[in-house]
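**Q** my questions are about this predicted structure, shown below with the sequence.
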Amino acid sequence: MHINDAVFLEDLCPKFRIRQWRKSIHRFTGKSCIYCGKPSESIDHVLPRSQGGLSVTENCVPACLSCNGDKSDENALYWYRRQKFYDPRRAMAIRAWLEGDLRLAIRLLQWANPNFKKRNKNQEKDESEYKAA
Ligand SMILES: [Zn+2]
């Protein structure tokens, strides 16, 4: 059944649209791995395709090659719980992502990732400068 699903997506979207879609997924997390926060170099299927996982945004998260390779065909949430870099906020973010609530997922990731906070501070600064001008 999962093989049919994969073919279905390929048929539905021309290749350039798939590339745009992949890019947009990386953009959601600021190009960082949803599991460990390192630069994301790949798209990981939370529920593996071998277990019927679909190639849709709700099931596809940005991941570094190390996490993606290590996780392999396991269910992401079970795998993630055993990792040294496990962070409950990230686990919640993955759950929210799976439910299609990307806004909540991103907020949780920002909370878990200090680099995100820095960027937000800069944005606030920019806004206040704008108001002053
Ligand atoms: Zn990673």
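**A** Here it is on my side, so go on.
**Q** gap between stretch 97-113 and the chain center?
**A** Its chain's average C-alpha position is 9 Å from that of stretch 97-113, according to C-alpha atoms, centre = their mean, to the nearest Å.
**Q** ugh, wrong one, I meant stretch 77-86
**A** With C-alpha atoms, centre = their mean as the basis, stretch 77-86 stands 15 Å off its chain's centre.
**Q** look up phi and psi at the closest residue to Ser32 other than its chain neighbours.
**A** Among residues not flanking Ser32 along the chain, Ser40 sits closest, at 5.7 Å (C-beta to C-beta, 6 or more residues apart in numbering). (C-beta placed from N, C-alpha, C; glycine too.) The phi/psi pair for Ser40 (degrees, to the nearest 10) reads phi -80, psi 130.
**Q** what's near enough to touch Ser40?
**A** His26, Thr29, Lys31, Ser32, Cys33, Ile34, Pro62, Ala63, Cys64 (C-beta atoms under 8 Å, 6 or more residues apart in numbering).
**Q** ok, now Phe85?
**A** Applying C-beta under 8 Å, 6+ apart, the residues near Phe85 are Tyr35, Cys36, Gly37.
**Q** for it, helix, strand, or coil?
**A** Look at Phe85: counting by DSSP: H, G, I helix; E, B strand; the rest coil, its state is coil.
**Q** circling back to that earlier point, show the buried residues in the contacts of Ser40.
**A** Neighbour-count burial (16 or more other C-beta atoms under 10 Å) is assigned, among those, to His26, Thr29, Ser32, Cys33, Ile34, Pro62, Ala63, Cys64.
**Q** Arg17: which of those is nearest?
**A** Distance to Arg17, by C-beta to C-beta, is smallest for His26 among the buried ones among the contacts of Ser40, at 15.3 Å.
**Q** many thanks, we can stop here.
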